[in-house]
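# Fold the following for me, if possible:
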Amino acid sequence: MPLIGIACNPQSGKDIRRLLTAATTIDDMEKLNILERILLSAAAVGEQSVCLMPDRLGYGRLLLQKRNSRGYPGDLSQLEIYDMDRTETQADTIFFASEMERIGADVLIVMGGDGTSRAAAKGTRRVPMISMSTGTNNVYPELMEGTVAGMAAAALAGGMVPAAECASPAKCIEIWKNGTLVDLALIDLVFCRNPFVGSRAIWNYEEIDQVVVTQCSMASIGFSSLVGTALRVTREEDCGASAEFTDGAPNTLAPVGAGTIQGVHIQNVRRLPLGERVTRTMTYQGTLALDGEREIFFQPGDVITCAVTRGGPMRVDAARAIEYARTHGCFQL
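Here you go, the predicted model:
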């Protein structure tokens with residue numbers, strides 16, 4: 001039977017940026033409603049098993065209660081909560097994604113922000129992934145109706161749409177510290193002058209030293225938009241970009257956060273061909289922020305290397321999947 005995995009991050013959309021900016025808050029009830037719409041639409045398109053990542057808020061348990069108290073269209077008897085130990089960290093998403101690959105899931109739906117999709121990508125680069133935005137300043141996941149995600153997932157899992165028609169390898173930034181591959185980012189890598197991880201999110205933009213991106217546009221919100229003030233790189237282009245920032249007089253405005261437009265001094269902007277390595281021997285204590293969150297500490301003398309590659313997850317274009325299914329008569333009665 002086709003298998004759809006769903007990883008919903010209960011923490012997405014709730015970080016410190018709710019206090020510092022006018023960022024959207026997607027509460028637990030709305031996430032539950034989105035999950036329900038995914039299940040309803042997927043069941044209407046075809047029969048499949050659905051495997052939910054467990055979480056401390058019990059989304060899966062609440063969905064099972066709803067399923068048992070309402071008449072769901074279609075057979076959702078195969079809906080289950082995956083049996084795994086929880087750490088309440090991104091390690092849960094990494095492990096769940098890796099398990100979905102191991103047990104042969106046909107598609108993985110990821111609900112969260114850039115960081116959640118990044119965690120899922122660390123677990124699997126092979127299972128086609130539909131990333132839905134429920135976080136902050138999101139660039140990688142799409143703001144997508146749950147009904148659409150469910151339709152696309154069911155069509156892909158059920159074999160109505162070949163993966164090659166709607167999924168392709170995403171770009172990522174591979175990161176080495178002192179010669180060892182330590183992590184990856186899907187959208188942006190920020191060299192930050194603050195040596196403390198703290199709340200992880202960067203809210204003091206004067207601490208930013210350099211930003212490397214896989215894609216950028218001034219129409220995005222967040223760190224990739226800083227580079228986007230100088231040039232535009234799409235997700236389809238086989239390149240990334242890099243820019244440096246100083247405390248000099250601001251020379252451009254950038255949408256750094258929800259409702260926050262700030263002047264920054266940008267310099268040394270350039271495109272990065274796929275695979276080209278950028279290497280720096282650090283001269284100060286700081287942290288590397290990956291997709292918006294500080295993760296890796298470095299000190300003077302550490303050698304940091306990064307490169308934009310096509311080594312990211314298999315990104316699903318949900319609209320393209322649905323259109324392929326429609327044009328091939330898969331929704332006809």
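
# Quick check: longest helix in the protein by residues?
helix 28-45 (DSSP state H).

# Let's verify residue 254: helix, strand, or coil?
What DSSP: H, G, I helix; E, B strand; the rest coil gives for residue 254 is strand.

# Kindly provide the distance from it to residue 214.
Using Cβ to Cβ, to the nearest Å, we find residue 254 at a distance of 18 Å from residue 214. Backbone N, C-alpha and C define where each C-beta goes, glycine included.

# more neighbours, these two?
residue 214 (30 against 24; other Cβ atoms under 10 Å).

# Chain neighbours aside, what residue packs nearest to the more buried one?
Residue nearest to residue 214 in three dimensions, not counting chain neighbours: residue 171, with 3.9 Å by Cβ to Cβ, 6 or more residues apart in numbering.

# Same question for residue 249.
residue 265 (6.3 Å).

# That neighbour and residue 253 touch, don't they?
No: at 11.5 Å, residue 265 does not count as touching residue 253 under the criterion of Cβ atoms under 8 Å.

# For residue 210, identify the helix or strand it belongs to.
strand 208-213 (DSSP states H and E).

# by contact count, what packs against that strand?
Counting contacts by 3 or more Cβ pairs under 8 Å, 6 or more residues apart in numbering; DSSP states H and E, strand 208-213 is packed against strand 188-192, helix 223-228, strand 239-246.

# Could you dump the ones you listed into CSV and include distance to residue 34 and mean neighbour count?
Listed next are those as CSV, based on distance: least, Cβ to Cβ, whole Å; neighbours: other Cβ atoms under 10 Å:
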stretch, distance to residue 34, mean neighbour count
strand 188-192, 25, 26
helix 223-228, 25, 27
strand 239-246, 31, 20
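
# Output these as TSV; include the columns mean pLDDT and distance to residue 282.
Converted to TSV, those look like this (pLDDT from 0 to 100; distance: least, Cβ to Cβ, whole Å):
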stretch	mean pLDDT	distance to residue 282
strand 188-192	97	8
helix 223-228	95	19
strand 239-246	97	14
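
# Can you say which of the ones you listed is nearest to residue 259?
Minimum separation from residue 259 across the helices and strands packed on strand 208-213 (Cβ to Cβ) falls at helix 223-228, 13.3 Å.

# hmm, who's touching stretch 242-256?
Stretch 242-256 is contacted by residues 205-206, 208-213, 218, 220-223, 225-230, 261-270, 272, 278 when judged by Cβ atoms under 8 Å, 6 or more residues apart in numbering.
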